[in-house]
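**Student:** Below is the sequence, then the predicted model.
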Amino acid sequence: MPGGRLTQQERQQIALGLADGLPYAEIARSLDRPTSTITREVMRNGGPTAYRADLAHRATEHRAHRRKQTVPQGAEASPQPHGRDAEAVREFEEVFTTVFMASGMPKMMARVLACLTITDTGSLTASELVQRLQVSPASVSKAIAFLESQVFIRRERDERRRDRYVVDDDVWYQSMVASARATTRIIETARQGVGVLGPGTPAANRLENVARFLDFVSENMTRAAEQAREVLHTGVETPQDGSVAEPRPDPA
(Lines give C-alpha, C1' and ligand atoms only; values in the text may rest on other atoms or scores of the structure.)
Protein backbone atom coordinates (compact mmCIF):
# COMPACT_ATOMS: atom_id res chain seq x y z
CA MET A 1 0.00 0.00 0.00
CA PRO A 2 1.58 3.34 -1.00
CA GLY A 3 2.51 5.85 1.65
CA GLY A 4 3.45 9.51 1.60
CA ARG A 5 1.37 12.50 0.67
CA LEU A 6 -1.47 12.34 -1.81
CA THR A 7 -0.56 13.47 -5.31
CA GLN A 8 -2.54 15.98 -7.34
CA GLN A 9 -3.73 13.16 -9.61
CA GLU A 10 -4.99 11.20 -6.60
CA ARG A 11 -6.86 14.26 -5.38
CA GLN A 12 -8.51 14.58 -8.78
CA GLN A 13 -9.63 10.94 -8.50
CA ILE A 14 -11.03 11.66 -5.04
CA ALA A 15 -13.00 14.60 -6.44
CA LEU A 16 -14.38 12.43 -9.26
CA GLY A 17 -15.34 9.71 -6.79
CA LEU A 18 -17.17 12.20 -4.57
CA ALA A 19 -18.98 13.62 -7.59
CA ASP A 20 -20.14 10.08 -8.43
CA GLY A 21 -21.38 9.60 -4.85
CA LEU A 22 -18.87 6.87 -4.02
CA PRO A 23 -18.21 6.09 -0.33
CA TYR A 24 -14.79 6.87 1.13
CA ALA A 25 -13.92 3.18 1.39
CA GLU A 26 -14.46 2.60 -2.34
CA ILE A 27 -12.42 5.66 -3.28
CA ALA A 28 -9.67 4.45 -0.95
CA ARG A 29 -9.61 0.99 -2.55
CA SER A 30 -9.29 2.47 -6.03
CA LEU A 31 -6.23 4.45 -4.87
CA ASP A 32 -4.83 1.64 -2.70
CA ARG A 33 -4.94 3.99 0.28
CA PRO A 34 -6.37 3.59 3.80
CA THR A 35 -9.95 4.82 4.16
CA SER A 36 -8.79 7.07 7.01
CA THR A 37 -6.47 8.90 4.61
CA ILE A 38 -9.35 9.73 2.26
CA THR A 39 -11.61 10.74 5.16
CA ARG A 40 -9.01 13.14 6.58
CA GLU A 41 -8.26 14.57 3.14
CA VAL A 42 -11.90 15.32 2.39
CA MET A 43 -12.91 16.63 5.81
CA ARG A 44 -9.93 18.99 6.10
CA ASN A 45 -10.67 20.43 2.64
CA GLY A 46 -14.30 21.44 2.71
CA GLY A 47 -16.13 18.15 3.16
CA PRO A 48 -17.72 15.89 0.53
CA THR A 49 -19.88 18.61 -1.05
CA ALA A 50 -17.22 21.32 -1.29
CA TYR A 51 -14.04 19.33 -1.97
CA ARG A 52 -11.95 20.65 -4.89
CA ALA A 53 -8.79 18.82 -5.95
CA ASP A 54 -6.79 21.90 -6.99
CA LEU A 55 -7.71 23.86 -3.85
CA ALA A 56 -6.93 20.86 -1.64
CA HIS A 57 -3.52 20.42 -3.26
CA ARG A 58 -2.61 24.09 -2.83
CA ALA A 59 -3.84 24.08 0.78
CA THR A 60 -1.65 21.06 1.57
CA GLU A 61 1.41 22.71 0.05
CA HIS A 62 0.65 25.87 2.02
CA ARG A 63 0.35 23.94 5.30
CA ALA A 64 3.64 22.14 4.64
CA HIS A 65 5.38 25.43 3.86
CA ARG A 66 3.94 27.06 6.97
CA ARG A 67 5.13 24.19 9.19
CA LYS A 68 8.66 24.54 7.78
CA GLN A 69 8.60 28.22 8.70
CA THR A 70 7.27 27.76 12.22
CA VAL A 71 9.28 24.66 13.22
CA PRO A 72 13.00 25.34 13.80
CA GLN A 73 15.34 23.35 11.57
CA GLY A 74 16.27 20.07 13.19
CA ALA A 75 13.42 20.25 15.69
CA GLU A 76 11.47 17.05 16.20
CA ALA A 77 7.82 16.58 16.99
CA SER A 78 7.00 16.22 20.66
CA PRO A 79 6.88 12.55 21.67
CA GLN A 80 3.34 11.22 21.91
CA PRO A 81 2.09 9.07 24.80
CA HIS A 82 0.88 5.51 24.26
CA GLY A 83 3.05 5.13 21.14
CA ARG A 84 0.84 7.37 19.02
CA ASP A 85 1.90 8.63 15.60
CA ALA A 86 2.45 12.39 16.08
CA GLU A 87 1.62 13.22 12.46
CA ALA A 88 -1.57 11.15 12.55
CA VAL A 89 -2.65 12.90 15.77
CA ARG A 90 -1.99 16.32 14.25
CA GLU A 91 -3.97 15.45 11.12
CA PHE A 92 -6.85 14.07 13.19
CA GLU A 93 -6.97 17.27 15.23
CA GLU A 94 -7.30 19.26 11.99
CA VAL A 95 -10.12 17.01 10.79
CA PHE A 96 -11.89 17.22 14.16
CA THR A 97 -11.61 21.01 14.05
CA THR A 98 -13.08 21.05 10.54
CA VAL A 99 -16.04 18.94 11.67
CA PHE A 100 -16.78 21.36 14.53
CA MET A 101 -16.56 24.27 12.08
CA ALA A 102 -18.95 22.52 9.69
CA SER A 103 -21.50 22.42 12.53
CA GLY A 104 -21.35 26.24 12.70
CA MET A 105 -18.67 26.77 15.34
CA PRO A 106 -16.15 29.61 14.68
CA LYS A 107 -12.64 28.46 13.78
CA MET A 108 -10.75 29.40 16.97
CA MET A 109 -13.49 28.00 19.19
CA ALA A 110 -13.40 24.77 17.15
CA ARG A 111 -9.60 24.57 17.48
CA VAL A 112 -9.73 24.99 21.27
CA LEU A 113 -12.52 22.42 21.69
CA ALA A 114 -10.75 19.88 19.47
CA CYS A 115 -7.45 20.44 21.30
CA LEU A 116 -9.06 19.91 24.71
CA THR A 117 -11.05 16.88 23.60
CA ILE A 118 -8.08 14.87 22.31
CA THR A 119 -5.90 15.38 25.38
CA ASP A 120 -5.75 12.41 27.75
CA THR A 121 -6.43 14.65 30.77
CA GLY A 122 -9.32 16.43 29.06
CA SER A 123 -8.12 19.69 30.58
CA LEU A 124 -5.59 22.44 29.85
CA THR A 125 -4.76 25.89 31.17
CA ALA A 126 -5.02 28.97 28.96
CA SER A 127 -1.21 29.17 28.69
CA GLU A 128 -1.06 25.50 27.64
CA LEU A 129 -3.65 26.15 24.95
CA VAL A 130 -1.66 29.15 23.71
CA GLN A 131 1.47 27.02 23.47
CA ARG A 132 -0.23 24.07 21.77
CA LEU A 133 -2.18 26.13 19.24
CA GLN A 134 0.50 28.80 18.69
CA VAL A 135 -2.02 31.64 18.94
CA SER A 136 -2.36 34.76 21.06
CA PRO A 137 -3.68 34.68 24.65
CA ALA A 138 -6.48 37.04 23.53
CA SER A 139 -7.64 34.51 20.90
CA VAL A 140 -7.72 31.71 23.47
CA SER A 141 -9.54 33.91 25.99
CA LYS A 142 -12.23 34.80 23.45
CA ALA A 143 -12.66 31.15 22.44
CA ILE A 144 -12.92 30.03 26.08
CA ALA A 145 -15.58 32.65 26.81
CA PHE A 146 -17.66 31.42 23.86
CA LEU A 147 -17.29 27.73 24.75
CA GLU A 148 -18.19 28.38 28.39
CA SER A 149 -21.29 30.33 27.33
CA GLN A 150 -22.38 27.34 25.25
CA VAL A 151 -21.52 24.93 28.12
CA PHE A 152 -19.04 23.03 25.93
CA ILE A 153 -16.34 23.38 28.59
CA ARG A 154 -16.21 24.04 32.30
CA ARG A 155 -13.65 25.78 34.48
CA GLU A 156 -11.96 24.41 37.59
CA ARG A 157 -8.98 25.36 39.77
CA ASP A 158 -5.94 23.09 40.09
CA GLU A 159 -3.62 22.75 43.09
CA ARG A 160 -1.64 25.80 41.91
CA ARG A 161 -4.85 27.85 41.79
CA ARG A 162 -4.71 28.09 38.00
CA ASP A 163 -7.87 27.96 35.93
CA ARG A 164 -8.10 24.76 33.93
CA TYR A 165 -10.64 24.28 31.14
CA VAL A 166 -12.22 20.85 31.09
CA VAL A 167 -14.04 18.71 28.54
CA ASP A 168 -15.62 15.51 29.84
CA ASP A 169 -18.69 13.36 29.35
CA ASP A 170 -20.82 15.49 31.68
CA VAL A 171 -19.91 18.68 29.81
CA TRP A 172 -21.48 17.29 26.64
CA TYR A 173 -24.60 16.34 28.59
CA GLN A 174 -24.84 19.83 30.06
CA SER A 175 -24.36 21.36 26.61
CA MET A 176 -27.22 19.27 25.23
CA VAL A 177 -29.46 20.31 28.11
CA ALA A 178 -28.54 23.97 27.55
CA SER A 179 -29.40 23.60 23.88
CA ALA A 180 -32.76 22.07 24.80
CA ARG A 181 -33.47 25.04 27.10
CA ALA A 182 -32.69 27.47 24.29
CA THR A 183 -35.04 25.53 22.01
CA THR A 184 -37.76 25.73 24.66
CA ARG A 185 -37.52 29.52 24.57
CA ILE A 186 -38.00 29.44 20.79
CA ILE A 187 -41.05 27.20 21.23
CA GLU A 188 -42.61 29.51 23.83
CA THR A 189 -41.99 32.60 21.70
CA ALA A 190 -43.40 30.95 18.58
CA ARG A 191 -46.61 30.07 20.45
CA GLN A 192 -46.89 33.66 21.70
CA GLY A 193 -46.74 34.69 18.06
CA VAL A 194 -49.70 32.46 17.24
CA GLY A 195 -51.87 34.62 19.50
CA VAL A 196 -50.48 37.85 18.09
CA LEU A 197 -50.90 36.86 14.43
CA GLY A 198 -54.29 35.23 14.93
CA PRO A 199 -54.96 31.48 15.20
CA GLY A 200 -55.79 29.90 11.87
CA THR A 201 -53.90 32.44 9.76
CA PRO A 202 -51.09 31.19 7.48
CA ALA A 203 -48.36 32.90 9.54
CA ALA A 204 -49.79 31.61 12.82
CA ASN A 205 -50.08 28.08 11.41
CA ARG A 206 -46.43 28.25 10.37
CA LEU A 207 -45.38 29.29 13.86
CA GLU A 208 -47.48 26.55 15.44
CA ASN A 209 -45.85 23.96 13.18
CA VAL A 210 -42.41 25.29 14.17
CA ALA A 211 -43.34 25.02 17.84
CA ARG A 212 -44.72 21.48 17.49
CA PHE A 213 -41.70 20.27 15.55
CA LEU A 214 -39.16 21.78 17.94
CA ASP A 215 -41.13 20.61 20.96
CA PHE A 216 -41.01 17.02 19.71
CA VAL A 217 -37.30 17.20 18.84
CA SER A 218 -36.34 18.91 22.11
CA GLU A 219 -38.24 16.41 24.24
CA ASN A 220 -36.61 13.46 22.51
CA MET A 221 -33.16 15.07 22.60
CA THR A 222 -33.42 15.64 26.35
CA ARG A 223 -34.62 12.08 26.94
CA ALA A 224 -31.78 10.68 24.83
CA ALA A 225 -29.23 12.81 26.71
CA GLU A 226 -30.53 11.51 30.04
CA GLN A 227 -30.34 7.90 28.84
CA ALA A 228 -26.84 8.36 27.41
CA ARG A 229 -25.66 9.95 30.65
CA GLU A 230 -26.90 6.95 32.63
CA VAL A 231 -25.01 4.59 30.31
CA LEU A 232 -21.79 6.61 30.44
CA HIS A 233 -21.93 6.80 34.23
CA THR A 234 -22.41 3.06 34.60
CA GLY A 235 -19.44 0.89 35.50
CA VAL A 236 -18.97 -2.71 34.38
CA GLU A 237 -17.74 -5.18 36.98
CA THR A 238 -15.55 -8.05 35.72
CA PRO A 239 -15.75 -11.15 37.99
CA GLN A 240 -12.66 -13.20 38.75
CA ASP A 241 -13.72 -15.93 36.31
CA GLY A 242 -13.30 -13.45 33.44
CA SER A 243 -16.97 -13.18 32.49
CA VAL A 244 -18.64 -9.78 32.24
CA ALA A 245 -21.18 -9.00 34.91
CA GLU A 246 -24.24 -6.84 34.52
CA PRO A 247 -23.52 -3.06 34.58
CA ARG A 248 -24.06 -1.33 37.85
CA PRO A 249 -24.07 2.39 38.73
CA ASP A 250 -20.84 3.84 40.05
CA PRO A 251 -20.95 4.65 43.76
CA ALA A 252 -21.75 8.27 44.47
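**Tutor:** Received, thanks.
**Student:** what about Glu94, neighbour count?
**Tutor:** Residues lying near Glu94 (other C-beta atoms under 10 Å) number 17. For glycine as for every other residue, the C-beta is placed from the backbone atoms N, C-alpha and C.
**Student:** Around the nearest residue to it once chain neighbours are set aside, how many other residues sit close by?
**Tutor:** In this structure, Glu94 finds its nearest non-sequential neighbour in Arg44, 5.0 Å apart by C-beta to C-beta, 6 or more residues apart in numbering. Residues lying near Arg44 (other C-beta under 10 Å) number 21.
**Student:** Tell me who's in contact with Arg44.
**Tutor:** With contact taken as C-beta atoms under 8 Å, 6 or more residues apart in numbering, Arg44 is in contact with 59, 91, 94-95, 98.
**Student:** How far off centre is stretch 130-141?
**Tutor:** Centroid displacement of stretch 130-141 relative to its chain, using C-alpha atoms, centre = their mean, to the nearest Å, is 19 Å.
**Student:** Now it: buried residues?
**Tutor:** Neighbour counts over stretch 130-141 (16 or more other C-beta atoms under 10 Å) mark 130, 132-133, 139-140 as buried.
**Student:** Now intersect these with the helices, please.
**Tutor:** 130, 132-133, 139-140 (DSSP state H).
**Student:** Which pair of those residues spans the longest distance?
**Tutor:** Arg132 and Ser139 (12.4 Å; C-beta to C-beta).
**Student:** could the buried residues of stretch 130-141 be laid out in CSV, adding pLDDT?
**Tutor:** Below are the buried residues of stretch 130-141 laid out as CSV (pLDDT from 0 to 100):
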residue, pLDDT
Val130, 94
Arg132, 91
Leu133, 91
Ser139, 94
Val140, 95
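**Student:** All the helices of the stretch 151-252 of the chain, in order from the start?
**Tutor:** Assigned by DSSP state H, counting those that start in this stretch, the helices in the stretch 151-252 of the chain fall at 169-197, 202-232.
**Student:** do the stretch 1-150 of the chain as well
**Tutor:** 8-19, 24-31, 35-43, 53-70, 86-102, 107-117, 126-133, 137-149.
**Student:** Compile those into a markdown table and extend it with columns for distance to Ala224.
**Tutor:** A markdown table is the format used below for these (distance: least, C-beta to C-beta, whole Å):
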| stretch | distance to Ala224 |
| --- | --- |
| helix 8-19 | 31 |
| helix 24-31 | 27 |
| helix 35-43 | 25 |
| helix 53-70 | 36 |
| helix 86-102 | 20 |
| helix 107-117 | 20 |
| helix 126-133 | 31 |
| helix 137-149 | 22 |
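**Student:** closest one to Asp158 among those?
**Tutor:** Closest to Asp158 of the helices of the stretch 1-150 of the chain is helix 126-133 (C-beta to C-beta; 11.1 Å).
**Student:** State the distance from the most centrally placed residue in the chain to Ile118.
**Tutor:** Computing the C-alpha centroid of the chain and ranking residues by C-alpha atoms, centre = their mean puts Phe100 first, at 4.2 Å. Taking C-beta to C-beta, to the nearest Å as the measure, Phe100 falls 12 Å from Ile118.
**Student:** rewinding a little: okay if I get the helices of the stretch 151-252 of the chain as JSON lines plus mean neighbour count, mean pLDDT and distance to Ala114?
**Tutor:** Putting these into JSON lines (neighbours: other C-beta atoms under 10 Å; pLDDT from 0 to 100; distance: least, C-beta to C-beta, whole Å) gives the following:
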{"stretch": "helix 169-197", "mean neighbour count": "15", "mean pLDDT": "90", "distance to Ala114": "14"}
{"stretch": "helix 202-232", "mean neighbour count": "14", "mean pLDDT": "91", "distance to Ala114": "20"}
